[in-house]
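Chemist: let me see the structure of the following:
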Amino acid sequence: MDGLAEKALKVLDSFRLDGKVALVTGGGKGLGKAIAFALAGAGANIAVAGKTLKNVQQTAQEIEENMAKRAIAIEADVRNPGDVKEMISKVLQVFGKLDILVNNAGVADVKPITEFPLEKWEYIMDVNAKGVFLCAQEAAKVMLKQGKGKIINISSLQGFVGRAGDPAYAASKAAVNLMTKSMASEWSKNGICVNAIAPTWCWTDLTKPILSDENFYKSLRKRIPIGRAGNLEDLFGIVVFLASEASDFVSGAIIPVDGGAIACDGFPEVPV
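Modeler: The predicted model follows:
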């Protein structure tokens with residue numbers, strides 16, 4: 001126990017990301033933009049990647065102007081192996097290393113399963129599952145040489161349960177969960193921690209029209225013990241923790257950020 005108190009006095013320092021380099025895919029808006037902000041707020045320099053260049057450029061510009069951290073924008077389609085290799089190469093050219101990868105790029109669609117187009121199913125699986133595989137694979141090649149790194153995959157509560165009209169998104173996030181565990185099993189011994197975050201519904205520009213439906217939101221709140229949908233800043237703490245030295249003994253975990261939703265079965269409370 002010698003020195004434990006001294007270490008405890010410095011515990012907050014272990015959450016700092018000063019001097020670290022983080023790459024966030026799908027960082028042009030929504031959860032990805034919030035994650036990029038959180039990592040920059042903790043001290044990291046940021047590479048923001050996405051299919052829509054103007055969106056990732058906007059995120060990078062806001063980080064540099066408001067958070068005094070270096071940030072670059074990279075146009076990339078995570079489904080494309082060539083784009084992914086070029087994305088990682090650009091990060092190394094600019095920053096010389098890659099400490100943190102956040103696999104956030106993702107898409108979703110819901111419609112009756114008997115009418116679900118194969119092309120849409122393949123697209124969702126390609127972005128959400130294949131994209132995570134390709135990005136993690138290329139990032140790990142760099143991190144293995146460095147002997148250290150953090151990979152954070154953005155999953156979903158739908159990776160644990162199915163829902164009507166969802167043959168693709170839920171399946172893709174279940175794939176992310178098990179890829180996370182397989183990657184952690186292989187790379188942890190080399191200093192690479194691989195974990196996933198599984199949010200519930202969060203307020204974003206994409207979800208606002210659905211969450212603004214009074215009946216839907218009332219039903220959703222009943223399924224979440226804390227009683228609300230997530231806010232973007234609800235992801236700040238967990239992503240910084242998983243990206244930092246504070247989580248060096250955490251690998252292979254799928255961590256819900258869901259207001260307690262997965263802790264209950266979603267049925268109404270029994271009258272007492």
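Chemist: pLDDT weak spots in this structure?
Modeler: Scanning the chain for pLDDT under 70 picks out the ranges 1, 266-272.
Chemist: parallel or antiparallel, list what pairs with the strand of greatest length in it.
Modeler: Counting residues, the longest strand found in the chain (DSSP state E) is strand 192-199. According to DSSP bridges, strand 192-199 forms sheet pairs with strand 149-154 (parallel), strand 254-257 (parallel).
Chemist: for residue 261, what are its contacts?
Modeler: Residue 261 makes contacts with 157, 200, 223, 224, 225, as judged by C-beta atoms under 8 Å, 6 or more residues apart in numbering. Every residue, glycine included, has its C-beta placed from N, CA and C.
Chemist: circling back to that earlier point, which one of the strands paired with strand 192-199 lies nearest to residue 245?
Modeler: Closest approach to residue 245 among the strands paired with strand 192-199 (C-beta to C-beta): strand 149-154, 9.2 Å.
Chemist: what comes up buried for the helix or strand following the closest one?
Modeler: Going down the chain from strand 149-154, the next helix or strand is helix 169-187, by DSSP states H and E. With burial defined by 16 or more other C-beta atoms under 10 Å, the residues of helix 169-187 counted as buried are 169-177, 179-181, 183-184, 187.
Chemist: same check on stretch 104-113?
Modeler: Buried positions in stretch 104-113, judged by neighbour count with 16+ other C-beta under 10 Å: 104, 105, 106, 107, 108.
Chemist: helix or strand for the fourth one, which one?
Modeler: The one in question is residue 107. Assessed by DSSP H and E, residue 107 sits outside every helix and strand.
Chemist: for it, what are its contacts?
Modeler: 123, 124, 127, 128, 169.
Chemist: the second one: neighbouring residues, count only.
Modeler: Burial of residue 124 is recorded as 23 neighbouring residues (other C-beta atoms under 10 Å).
Chemist: the nearest residue to it once chain neighbours are set aside: what's it in contact with?
Modeler: Nearest residue to residue 124 in three dimensions, chain neighbours excluded: residue 168, at 4.0 Å (C-beta to C-beta, 6 or more residues apart in numbering). Neighbouring residues of residue 168 by C-beta under 8 Å, 6+ apart: 108, 109, 116, 120, 121, 124, 125.
Chemist: which residue is nearest the middle of this protein?
Modeler: Closest residue to the average C-alpha location of the chain: residue 154 at 3.1 Å, with C-alpha atoms, centre = their mean.
Chemist: who is that residue paired with across the strands?
Modeler: Under the criterion used (DSSP bridges), residue 154 bridges to residue 197.
Chemist: that one touches residue 31, doesn't it?
Modeler: Yes. Look at residue 154 against residue 31 with C-beta atoms under 8 Å: they come within range, at 6.6 Å.
Chemist: residue 19 versus residue 45, what's the distance?
Modeler: Using C-beta to C-beta, to the nearest Å, residue 45 is found at 8 Å from residue 19.
Chemist: the more surrounded of the two?
Modeler: Ranked by neighbour count (other C-beta under 10 Å), residue 45 and residue 19 place residue 45 first, with 23 against 10.
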